[in-house]
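Asker: give me coordinates for this.
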Amino acid sequence: MTQRQPANVHQMRIGDFILTTLLDAQMEGSFGLIQSISEEEVQRLHTESRRPTPPRVTLNAYLLQGRDRTVLVDTGIGAFAGDAGPYLMEGLERIGVKPADIDTILITHMHPDHVGGLIDTQDQPVFPDAAILVPAGELDYWGGDIPEDASGMLTNQFHAAHRVLAAMGSRMQRLEGTDVLPGITRVPLPGHTPDHSGYRVFSGEDRVLLWTDIVHLPHIQFPRPDATVAFDVDPDQAAATRQRIMAEVAESGELVGGHHVDFPGVGYVAVDGKGYRFLPHVWQPLV
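Answerer: Okay, here's the model as predicted:
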């Protein structure tokens, strides 16, 4: 089946699957988001990228269609959007997918910009028939008490997670191990959150790793994978995970998709000096 690309989403084939990137929001960031490298280095990399100031953080979600499944990987910012969006539902409508068509939702981690789309502003479920699979460690951590030494940012993230958990209840199923669905496996990528997870999709000779929040500001964290972000629960582990997975996919040549990589959020990683660079997938008018 060949189809013309919609203008505000991106689609490509992964064997039997169609992978769709859905741009949900662009959020205003700050240079203070980046930790563990100097402010001067952050400013230099940002200036060299020719990007606008203040920096913007892209937020994507991903849809997989094939093998009689319609699977959404994360749900965008949804009820927590404010003025930043969201555009996820608009993107789904453009490709003819209704909320009731989603049979499975795979959650990468429980930050509000990844689970907020599960509920509307009245805390009602948005996807009525979807099984919602969440890495077990994420449910354990975010379903627990707020740490006594939590920052204001972390406290707000816990409040958001508790709100979603209360609204969704038993519909959120624990995802143990790495087997998920035929053609989809879970890839533990801890550090950003305790059980932060990517999903690897494979069909025939094609494969893609949806690595979620390995980077937030790609023009800084690809050349400097040691740069952590203020959202990291365990910054040292997050940096080690980033270095490991970037080295792995640069070696393998595997396609990657990132929830905070510039739209359309898919491409390849190449070694560049002591760091890496991102090689975007070339857009094509036909899928």
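Asker: what's across from Val201 in the sheet?
Answerer: Note on Val201: beta-bridge partners Ile184, Val208, judged by DSSP bridges.
Asker: correct me if wrong: it contacts Asp16.
Answerer: No. Proximity of Val201 to Asp16 does not meet the contact threshold set by CB atoms under 8 Å, at 9.9 Å. Placement of C-beta: from N, CA and C, glycine included.
Asker: mind listing the helices for the stretch 151-287 of the chain?
Answerer: For the stretch 151-287 of the chain, helices defined by DSSP state H, counting those that start in this stretch occupy the ranges 152-168, 218-221, 235-252.
Asker: and these, which is most packed in?
Answerer: Scoring the helices of the stretch 151-287 of the chain by mean neighbour count under mean count of other CB atoms under 10 Å gives helix 218-221 as the most buried, with a mean of 23.
Asker: show me the contact partners of that helix.
Answerer: Under the contact criterion CB atoms under 8 Å, 6 or more residues apart in numbering, helix 218-221 has outside partners 34, 37, 42, 45-46, 48-49, 51, 214-215, 227, 229, 242, 258, 260-262, 278.
Asker: any of those buried? List them.
Answerer: Listed as buried from these are 34, 42, 45-46, 214-215, 227, 229, 242, 258, 260-262, 278; burial here means 16 or more other CB atoms under 10 Å.
Asker: which of these sits closest to Asn8?
Answerer: Asp262 (14.6 Å; CB to CB).
Asker: okay, that closest one: pLDDT?
Answerer: In the predicted model, Asp262 carries a pLDDT score of 94.
Asker: what's it sitting at in phi/psi?
Answerer: With angles defined as degrees, to the nearest 10, Asp262 sits at phi -50, psi 130.
Asker: next one: it from Ser197, what distance?
Answerer: As for Asp262, its distance to Ser197 is 22 Å (criterion: CB to CB, to the nearest Å).
Asker: and if you look at Ile105?
Answerer: In this structure, Ile105 and Ser197 are 13 Å apart, going by CB to CB.
Asker: return the set of buried residues in the helix or strand containing Glu93.
Answerer: Taking DSSP states H and E as the definition, Glu93 sits inside helix 88-94. When burial is assessed from 16+ other CB under 10 Å, helix 88-94 yields the following buried residues: Leu88, Met89, Gly91, Leu92.
Asker: any chance of those in CSV, plus distance to Gly273 and pLDDT?
Answerer: As requested, the buried residues of helix 88-94 are arranged in CSV below (distance: CB to CB, whole Å; pLDDT from 0 to 100):
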residue, distance to Gly273, pLDDT
Leu88, 36, 95
Met89, 41, 95
Gly91, 36, 94
Leu92, 40, 96
